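Trainee: Quick check, what structure comes out for this input:
(one chain, ligands or ions: 1)
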Amino acid sequence: MSAGARKDPYLLTPGPLTTSPETKQAMLRDLGARDRPFIEMTARIRARLTEIAGAADGHDCVLVQGSGTFAVEAAVGTLVPRTGKLMVLANGTYGRRIAKIAQAIGRAFTVIETPEDAPLATGQVDRALAADPKISHVAAVHLETSSGLMNPIEDIAATVARHGRRLLIDAMSTFGGIELDARVLPFEAIIASANKCLEGVPGAAFVIARREALAEAAGNAPSLSLDLHDQWRHMAETGQFRFTPPTHVLAALDRALEEHAAEGGVRARGARYRRNREVLVEGMRALGFETYLEDALLSPIIVAFHMPGDPRFDFTTFYEALSRRGFVIYPGKLAQAETFRIGCIGRIGEREIRAALAAVAEAVEELGIEERGRRSSATRPRRTPRCPA
Ligand SMILES: Cc1ncc(COP(=O)(O)O)c(C=O)c1O
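Mentor: From the prediction side, this is the model:
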């Protein structure tokens with residue numbers, strides 16, 4: 001179906017993103033929160049998510065109402081004890097957001113902040129852990145969606161485990177699209193949401209955590225609704241949510257998970273996204289755009305492009321020109337460079353990416369954008385919270 005003939009645009013964003021007609025269709029029912037079909041659906045979703053993470057008896061999946069940030073906040077607040085200390089590894093917006101959460105909920109924390117265009121450095125983590133025995137937990141983002149950069153999570157996990165500390169992984173934009181396997185990756189918790197590589201709709205997130213860690217976290221949470229221990233215990237005992245569940249969102253996720261399995265799981269989905277990325281980057285470069293990251297660092301999930309140098313380029317006008325043609329892209333979110341982003345995830349393939357490239361070509365022509373290489377821009381200040389001494 002061409003973009004022009006569709007009711008909705010293709011969402012080339014990090015979520016909400018384009019979902020299949022069947023996933024949307026799955027929401028056309030009213031499920032009772034305490035009725036058997038919904039309780040069975042909840043159990044099926046939790047089991048499938050745990051299985052995707054390669055996790056078995058030692059782990060459990062806790063569903064959390066809300067967007068991904070709700071689940072990150074629930075995990076930090078519940079799994080890091082009040083006497084604990086969190087070290088946040090930040091090389092982009094989402095790493096910095098974890099530090100903001102720690103600050104907001106009053107957990108002791110420290111931040112290792114590194115450049116946005118380079119992967120987290122394991123050696124630095126190693127030294128920081130050796131130097132500060134108070135650090136009980138480390139938080140890292142698997143893929144910094146603000147730049148599209150993938151962090152070396154296996155190396156980080158091994159380093160954290162070697163020091164006997166516990167790792168929280170924000171895998172929001174990789175879960176279901178890039179392998180994360182609990183059998184080889186030591187972690188305390190993985191946090192993700194329904195509306196990224198799983199291709200569900202927004203409104204539900206989840207934490208896959210070590211069961212022992214969930215069990216020993218009673219009384220840690222500074223919040224009632226974001227108390228992961230309580231949510232886990234209640235779900236384990238009753239099969240139900242404590243408070244009103246997003247029934248329609250979970251019905252969509254249930255269907256999206258079936259499609260994920262039918263496609264061939266994480267590997268096949270990742271391969272489709274990788275192909276989308278290749279076609280996108282090649283096409284955008286042919287039009288004169290420059291990627292923010294060098295080739296070796298490009299991920300299959302989302303690509304940040306430098307804002308073009310042409311003074312006539314205005315992101316909002318460009319965005320609107322693409323939106324009129326049936327494609328929605330995303331603004332940049334980096335502190336250190338002016339960028340815009342195009343996502344490779346969602347129910348889209350090479351055909352839709354090629355159609356999007358044709359729309360980009362038309363838009364730059366219409367707007368008279370000639371110089372499409374990077375704009376020379378001043379570095380913007382960063383605003384990462386610091387832990388009070
Ligand atoms: C890595 C990462 N962490 C956290 C979030 C926050 O998720 P949400 O916007 O659903 O709260 C996002 C959103 O894109 C993300 O990509």
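Trainee: From here on, just use CA atoms for contacts and neighbour counts.
Mentor: OK.
Trainee: Confirm that Ala268 sits in a strand.
Mentor: No: read with DSSP: H, G, I helix; E, B strand; the rest coil, Ala268 is helix and lies in no strand.
Trainee: Now do Arg285: how many residues are near it, please.
Mentor: By other C-alpha atoms under 10 Å, the residues close to Arg285 number 14.
Trainee: I meant Asp132, not that one.
Mentor: 11.
Trainee: any idea how far the closest residue to Met150 other than its chain neighbours lies from the ligand?
Mentor: Counting by C-alpha to C-alpha, 6 or more residues apart in numbering, Met150 lies nearest to Leu143, which is 4.2 Å off, once chain neighbours are set aside. Here Leu143 is placed at a distance of 6 Å from the ligand (C-alpha to the nearest ligand atom, to the nearest Å).
Trainee: all strands of the chain, in order?
Mentor: 10-11, 59-65, 85-90, 108-113, 137-141, 143-144, 149-150, 166-170, 189-193, 204-210, 302-306, 327-328, 330-331, 339-343 (DSSP state E).
Trainee: Kindly reformat these as JSON lines containing mean neighbour count.
Mentor: Listed next are the strands of the chain as JSON lines, based on neighbours: other C-alpha atoms under 10 Å:
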{"stretch": "strand 10-11", "mean neighbour count": "24"}
{"stretch": "strand 59-65", "mean neighbour count": "25"}
{"stretch": "strand 85-90", "mean neighbour count": "24"}
{"stretch": "strand 108-113", "mean neighbour count": "20"}
{"stretch": "strand 137-141", "mean neighbour count": "27"}
{"stretch": "strand 143-144", "mean neighbour count": "28"}
{"stretch": "strand 149-150", "mean neighbour count": "26"}
{"stretch": "strand 166-170", "mean neighbour count": "25"}
{"stretch": "strand 189-193", "mean neighbour count": "30"}
{"stretch": "strand 204-210", "mean neighbour count": "25"}
{"stretch": "strand 302-306", "mean neighbour count": "26"}
{"stretch": "strand 327-328", "mean neighbour count": "24"}
{"stretch": "strand 330-331", "mean neighbour count": "18"}
{"stretch": "strand 339-343", "mean neighbour count": "25"}
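Trainee: circling back to that earlier point, residues in contact with the residue nearest to Met150?
Mentor: For Leu143, the contact set (C-alpha atoms under 8 Å, 6 or more residues apart in numbering) comprises 149-151, 171-174.
Trainee: Against the ligand, which of those make the cut? List them.
Mentor: Contacts with the ligand within the contacts of Leu143, counted by C-alpha under 6 Å from any ligand atom: 172-173.
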